[in-house]
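Chemist: pasted the sequence and its predicted model underneath.
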Protein chains: 2
Amino acid sequence: MQEPDAATRTPAKDLAELHAAGDRVALVRAAAALHPAELGEVLAAGDSDLPALLLDVLPGRIVGAALAYIEPHYRSALLIDLAPARIAEVLRAVADDIATDVIQELPADIANAALTAMPVALQRQVGRLIEYGPETAGGRMTGQRIAVAPERTVREVIEFLRSLRPDTEQPFDVYLTDSANRLRGVLNLRLLITAPPDAPVGELATMDAVSITADTDQEEAARLLKRYNLLALPVVDGAGRLLGTVTVDDLLDVLEDEATEDMYRMAGINVDEDLRGVGRSVRHRLPWLVVNLGSATLAAAVVSLFEDTITRLALVAAFMPIVAGMGGNAGIQTVTIVVRSLTLGRITPRDAWGVMRHELAVGLIIGTAIGVPIGIIGWSVQGSPALGLIVGAAMCANIANGMVTGVAVPLLLHRAGQDPTISAGIWMTTFTDIIGFLLLLGLATLFLDTLL
Amino acid sequence: MQEPDAATRTPAKDLAELHAAGDRVALVRAAAALHPAELGEVLAAGDSDLPALLLDVLPGRIVGAALAYIEPHYRSALLIDLAPARIAEVLRAVADDIATDVIQELPADIANAALTAMPVALQRQVGRLIEYGPETAGGRMTGQRIAVAPERTVREVIEFLRSLRPDTEQPFDVYLTDSANRLRGVLNLRLLITAPPDAPVGELATMDAVSITADTDQEEAARLLKRYNLLALPVVDGAGRLLGTVTVDDLLDVLEDEATEDMYRMAGINVDEDLRGVGRSVRHRLPWLVVNLGSATLAAAVVSLFEDTITRLALVAAFMPIVAGMGGNAGIQTVTIVVRSLTLGRITPRDAWGVMRHELAVGLIIGTAIGVPIGIIGWSVQGSPALGLIVGAAMCANIANGMVTGVAVPLLLHRAGQDPTISAGIWMTTFTDIIGFLLLLGLATLFLDTLL
């Protein structure tokens, strides 16, 4: 099928109609027949009592299949109201990494009750995975993996896979391990299927496979996977023993979450902010605005130093938001490029001087391009060429200031081991506000007699 | 191997040493022995004459393999100085979609000369792919795909794959097509390898496979792939005939590029901005700053209306940056969340009223939390409770204004078919500047006699 057009038919609409008609049997049948991704969307929609009903009546296996397609941070919220035994039933049907994530996010009492109701093997596996930090490769990996000895032939390995019946919805590679379970090589399925049946897999496999340790940061794992264009990465312990695998679909979520996180951080928002719950939104956003308040108060204090100048030449106040604001706008462009380039590894702190020189040149050119028209406006409003010169010069200098600060601040934060995404913007705008006001009001004060 | 620690050894450093020592033979041997991803990094580093040398002396096949790992927009820049025949030699070694991208980005004369030097089959294939827009599924797809009739057995298909020797570095599925080449189903390799050898593939395959048409936007293709956790998507024409496939590694780039693009757009930067070339950076950033200049001039004009009030009460000017700036800071948080949620499909315009009510509530609470301390400062600096009230009230109202405008502007732009990422921020800050100044200076003018 082609992707159905949203306007003509949506699974959510179909189910809502059956639900409204009270036809419980048809509803369950229709829900169970959906693609798990579509059922996942219906369950996550949460704007009626339909998800709760479906969570109660659908077989655990079907809810579990849908759970894999629901955004990670909604999964536990969805299951939290179910009985622990029912949660266990659903989690039996999902991969161990998803089960672990859900257990980790549930309140301790519910999590423990659900764990107790699970089969012992899954309990033990979740217990192992839960040891790893949630943002590490260990926290993202599945313990399910397929390992064979390098001496086996292609035919033997294919027969072994047929007998195993691994989850064919997941991408998987075959790993070669020695008798101590140390990772020796990796064989992708595409190679396995096209190789001569009698070849020993050890001769086909990549024997210096890229691997990561369980404590590697998830974003680093995602970058590595992307760098080598892989579908899955083996995860090993400190001694090189195979622990599990992380797959591209998990790390796709990681890359997208990190991008969202970076955007949110630049605006000072908690990444869990999802426009649900006024109290939560206030808690997530207020701290950052309080920090901004400190910066704004500092800028206001600078302005108040020039009260006398402003009293005598009120017009200069009208240019304050232009000079400070445009410096900030120019600086935020630089901050955005530098922060994103650091994240993507396109620049390193070693490039600092080159980037700084580049931004200074760009800043002086753009500063002139913006400063000249502003200067002409400043000249024309009161027929004072001196006011025009002062406004234009302050504008040009503050734009160059914004761009140079926009390089220096993120690189210094990065060097100090801080995440520049979070606070580079506020530091930079603090500088452009204060320097902008100092330049404009300071020059106006110096030349006040000429200006009046 | 574990991922080598960057501090201890880097391929770039090793090669640079051999290059400095003038040992050409050892250099070529070491470069050819690298993982193509690592060679790609050396070639893209561009800070010495090493990449140019390697591009000249390495076998075309090895340069081609590395090219797949280089960021798409650097590829053509890397090849542009080579002779057309050499470009053709390199492009013979890459997938047809990469070859097409490179040809598309080269200047027309070089592109034509390189095309002419290619084998006819590749020429024809590039000619076909070049027809599709570069940001569509057609522009991202490879024409290489494996199609079989549904009646074939698993064993026959595996034998067919062995005889084909497809590129095992790429993820691939087997597609089932009818005699008119219309897509009937899809069979993933994992299923193929674990299925009984004598089963007809038609019985195993997913017969209502998700597919996309060639003109589908690449971001939509990426979302679909992610939604259904797929590794590859078949691309069809309007009549459902199979044209090619797009794979997860291409779409990973798409998702990451789109995230970068969105971040850059919010700051008004062209996505091609990469801190190389002063003139280019100026061209990429100046237009946006000129738009901002218009907005800032408007705000300044509002301030100039109150020249008389400012002359008589210069202190009020010190509160201008706080009231306008904090409204903008609060608003940019909302804009970021709303724009990102629209991109990720977490909210739709139908949620407008709910989100608006939510932000109004959050805005009034945060506005009060920020307005009260600002009001106390306003009171204390001149012992005037009236000034405190005016400053606090203007602050609270402008924060609520920023948050409500932060919802309304992106949703209205979205509804008007505009991309809210680009201009939502500037519209919102124009509002918070103007409304902030009007509130603060307007209230101060109304109650000027009480204040003095």
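Modeler: Arrived safely.

Chemist: so what's the residue count around the residue of the stretch 251-400 of chain A found nearest chain B?
Modeler: Going by Cβ to the nearest Cβ, chain B is nearest to A:Ala259 of the stretch 251-400 of chain A, at 3.4 Å. For every residue, glycine as well, the C-beta is placed using N, CA and C. When neighbours are defined as other Cβ atoms under 10 Å in any protein chain shown, A:Ala259 has 22 of them.

Chemist: now A:Ala21
Modeler: 10.

Chemist: quick one, phi/psi of it?
Modeler: Main-chain torsions, A:Ala21, degrees, to the nearest 10: phi -70, psi -10.

Chemist: the residue nearest to the residue of the stretch 251-400 of chain A closest to chain B when sequence neighbours are not counted: what's it in contact with?
Modeler: Nearest non-adjacent residue to A:Ala259, counting by Cβ to Cβ, 6 or more residues apart in numbering or on different chains: B:Ala259, 3.4 Å away. If you count contacts by Cβ atoms under 8 Å, 6 or more residues apart in numbering or on different chains, B:Ala259 has them with A:Leu255, A:Glu256, A:Ala259, A:Thr260, A:Asp262, A:Met263.

Chemist: so can I have CSV of the residues you listed showing pLDDT?
Modeler: As requested, these are exported to CSV (pLDDT from 0 to 100):
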residue, pLDDT
A:Leu255, 80
A:Glu256, 77
A:Ala259, 80
A:Thr260, 81
A:Asp262, 82
A:Met263, 81
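
Chemist: so for stretch A:114-124, what gets flagged as buried?
Modeler: A:Ala114, A:Leu115, A:Ala117, A:Met118, A:Leu122, A:Gln123 (16 or more other Cβ atoms under 10 Å in any protein chain shown).

Chemist: the helix or strand encompassing the residue nearest to A:Ala259: what's the following helix or strand?
Modeler: Using DSSP states H and E, B:Ala259 falls within helix B:248-266. Next along the chain after helix B:248-266, taking DSSP H and E as the criterion, comes helix B:278-304.

Chemist: out of the buried residues of stretch A:114-124, which comes closest to A:Arg285?
Modeler: A:Ala114 (33.1 Å; Cβ to Cβ).

Chemist: what's that closest one in contact with, if anything?
Modeler: A:Pro84, A:Ala85, A:Ile87, A:Ala88, A:Leu91, A:Ile103, A:Leu106 are the contacts of A:Ala114 under Cβ under 8 Å, 6+ apart.

Chemist: next one: phi and psi at it?
Modeler: Torsion angles at A:Ala114 (phi, psi; degrees, to the nearest 10) stand at phi -70, psi -40.

Chemist: distance of it from A:Leu34?
Modeler: Going from A:Ala114 to A:Leu34 by Cβ to Cβ, to the nearest Å gives 25 Å.

Chemist: again, but for A:Ala199
Modeler: 42 Å.

Chemist: tell me where chain A has strands.
Modeler: With strands called from DSSP state E, chain A shows them at A:146-148, A:173-177, A:183-188, A:212-213, A:232-236, A:242-247.

Chemist: and stretch A:356-376, which residues are buried?
Modeler: For stretch A:356-376, burial by neighbour count (16+ other Cβ under 10 Å) applies to A:356, A:358-367, A:369-371, A:374-375.

Chemist: you'd agree A:Ala214 is up against A:Val236?
Modeler: Yes: judged on Cβ atoms under 8 Å, A:Ala214 makes contact with A:Val236 at a distance of 7.5 Å.

Chemist: tell me the pLDDT of A:Met118.
Modeler: On the pLDDT scale, A:Met118 is placed at 91.

Chemist: ok, the closest residue to it other than its chain neighbours - contacts?
Modeler: Closest residue to A:Met118 in three dimensions, ignoring its sequence neighbours and counting by Cβ to Cβ, 6+ apart: A:Ala88, at 4.6 Å. Going by Cβ under 8 Å, 6+ apart, A:Ala88 touches A:Ala114, A:Leu115, A:Thr116, A:Ala117, A:Met118.

Chemist: the same query, at a cut-off of 6 Å, please.
Modeler: A:Ala114, A:Ala117, A:Met118 (Cβ atoms under 6 Å, 6 or more residues apart in numbering or on different chains).

Chemist: now intersect the buried residues of stretch A:114-124 with the helices, please.
Modeler: A:Ala114, A:Leu115, A:Leu122, A:Gln123 (DSSP state H).

Chemist: name the nearest residue to the second one, sequence neighbours excluded.
Modeler: Taking Cβ to Cβ, 6+ apart, and ignoring the residues beside it in sequence, A:Leu115 has A:Gln123 as its nearest neighbour in space, at 5.6 Å.

Chemist: thinking again about what came up before, angle of the helix holding B:Ala259 against strand B:232-236?
Modeler: Angle of helix B:248-266 versus strand B:232-236, following axes from the mean of the first three to the mean of the last three Cα atoms, to 10 degrees, is 90 degrees.

Chemist: put the alpha carbons of helix B:248-266 into PDB.
Modeler: What follows is helix B:248-266, C-alpha atoms only, in PDB (Å, rounded to 0.1, in the frame of the first residue of the first chain):
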ATOM      1  CA  VAL B 248      18.200   4.400   6.400                       C
ATOM      2  CA  ASP B 249      21.800   5.700   6.100                       C
ATOM      3  CA  ASP B 250      20.800   8.300   3.500                       C
ATOM      4  CA  LEU B 251      17.800   9.300   5.600                       C
ATOM      5  CA  LEU B 252      19.900   9.500   8.800                       C
ATOM      6  CA  ASP B 253      21.700  12.300   7.000                       C
ATOM      7  CA  VAL B 254      18.400  13.800   6.000                       C
ATOM      8  CA  LEU B 255      17.100  13.900   9.600                       C
ATOM      9  CA  GLU B 256      20.400  15.300  10.800                       C
ATOM     10  CA  ASP B 257      20.500  17.900   8.000                       C
ATOM     11  CA  GLU B 258      16.900  18.900   8.700                       C
ATOM     12  CA  ALA B 259      17.700  19.400  12.400                       C
ATOM     13  CA  THR B 260      20.700  21.600  11.500                       C
ATOM     14  CA  GLU B 261      18.600  23.400   9.000                       C
ATOM     15  CA  ASP B 262      15.800  24.100  11.500                       C
ATOM     16  CA  MET B 263      18.300  25.400  14.100                       C
ATOM     17  CA  TYR B 264      20.000  27.600  11.500                       C
ATOM     18  CA  ARG B 265      16.700  28.800  10.200                       C
ATOM     19  CA  MET B 266      15.600  29.900  13.700                       C
END
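
Chemist: where does the stretch 301-450 of chain A dip in pLDDT?
Modeler: Within the stretch 301-450 of chain A, not a single segment meets pLDDT under 70.

Chemist: flag every residue of it that's near chain B.
Modeler: A:303-304, A:307, A:310-311, A:314, A:317-318, A:321-322, A:325-326, A:329-330, A:332-333, A:336-337, A:340, A:355, A:358, A:361-362, A:365-366, A:369-370 (Cβ under 6 Å from any Cβ of the partner chain).
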